[in-house]
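Participant: Okay, structure incoming, though there's no sequence with it:
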């Protein structure tokens, strides 16, 4: 074996090792492991991915999880069933919920409408939202648009 050939093999080995090591250092954090922050935010989309995101944050014991509605206007009386399930779990098994208006107080007519929604939705007792919701309370923040919801924050008890 010649010295030139041996040198070429060693250089190729070092180059390949360098590529492997540099690739390992830049691996991204998996999506199922959210970065820990004081307040985690999820944009609501009426898909199973929303439930999965809520579960990841709640299983990670996030101190708060805020749900925003950037893609559509959501009114208190028109809550999607998927978000109703999470709020029902908090209402029935956790710390309950309050409605916060821009004026800073709860409107009784909003609470009445919301009570009808909560009473009409049947929550399966062994569902994961019920288990996760038992550790949280919710604050529903409304805006001035037709009893619209700006965000819903879930705070760990």
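Facilitator: That came through fine. Just so it is clear, the structure is predicted and the values come from calculations on it, not from any experiment. Numbering: from 1, shown residues only.
Participant: So for residue 104, what pLDDT did the model give?
Facilitator: We note a pLDDT of 76 for residue 104 in this prediction.
Participant: That one - that's part of a helix, no?
Facilitator: No - counting by DSSP: H, G, I helix; E, B strand; the rest coil, residue 104 is not part of a helix but coil.
Participant: ok, how many other residues are close to it?
Facilitator: 6 (other CB atoms under 10 Å). C-beta here means a position set from N, CA and C on the backbone, and glycine is covered the same way.
Participant: How about residue 102: what's its closest non-neighbour residue?
Facilitator: Nearest residue to residue 102 in three dimensions, chain neighbours excluded: residue 144, at 5.9 Å (CB to CB, 6 or more residues apart in numbering).
Participant: number of nearby residues for that neighbour?
Facilitator: Using other CB under 10 Å: residue 144 sits among 10 other residues.
Participant: I'd say it and residue 103 touch.
Facilitator: No - counting by CB atoms under 8 Å, residue 144 stays clear of residue 103, with 9.7 Å between them.
Participant: where do the contact lists of the two overlap?
Facilitator: Residues touching both residue 144 and residue 103 (CB atoms under 8 Å, 6 or more residues apart in numbering): none.
Participant: Span of stretch 67-87 from start to end?
Facilitator: One end of stretch 67-87 to the other measures 11 Å (CA to CA, to the nearest Å).
Participant: Check stretch 60-68 too.
Facilitator: 20 Å.
Participant: that older thread, now do the same for the residue nearest to residue 102: helix, strand or coil?
Facilitator: Here residue 144 takes the coil state, with states given by three-state DSSP.
Participant: Residue 137 versus that one, what's the distance?
Facilitator: Counting by CB to CB, to the nearest Å, the gap from residue 144 to residue 137 is 24 Å.
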